[in-house]
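quick check, what structure comes out for this input:
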Amino acid sequence: MEKRKTSKIPIIILAAGGLLLIIAVVILAMQNKPSPEVLLPTVGISSQGEESYPEIQRVSLEDAKAALDAKTAVFVDVRGDSLYTASHIPGALSIPLTDLENHLDELNPADWIITYCT
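Reported below is the predicted structural model:
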């Protein structure tokens, strides 16, 4: 009887395909992972000690950057004047959080207003 040679190519192709499938599943799982903002409490004080306001939608860093690049939002730095002077987003308005209520009439409610403090 003649011994038949088996080719290892189909096994290698199946293994490579399986590996690619596993990598694809891991990548998809990582893309669908909720951002840390979604995990913050919606009422009261967050885990970082900040107050949260459920009526105000949080903006992801990616969306804020896109709005900055497209100039479709007004950025308001709510830190104090010294921190604003040290560094801020180009074109951002400086309205410290303690003064924000007194300056709301300076902002157009029809604009997309993004406040930040870091």
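
what about the strands in the protein?
Along the chain, counting by DSSP state E, strands occupy 74-77, 93-94, 113-116.

pLDDT of the first one, averaged?
When pLDDT is averaged over strand 74-77, the result is 94.

for that strand, name the packing helices and strands.
strand 93-94, strand 113-116 (3 or more C-beta pairs under 8 Å, 6 or more residues apart in numbering; DSSP states H and E). All C-beta spots, glycine's among them, are computed from the backbone N, C-alpha and C.

lowest average confidence across these, which one?
Taking the mean pLDDT of the helices and strands packed on strand 74-77, strand 113-116 comes last: a mean of 90.

mind giving me the packing neighbours of that strand?
Right, strand 113-116 is packed against helix 61-70, strand 74-77 by 3+ C-beta pairs under 8 Å, 6+ apart.

for the ones you listed, which one sits closest to residue 91?
strand 74-77 (6.7 Å; C-beta to C-beta).

tell me how far the closest one lies from the chain's centre.
With C-alpha atoms, centre = their mean, to the nearest Å as the basis, strand 74-77 stands 17 Å off its chain's centre.

great, nothing more from me.
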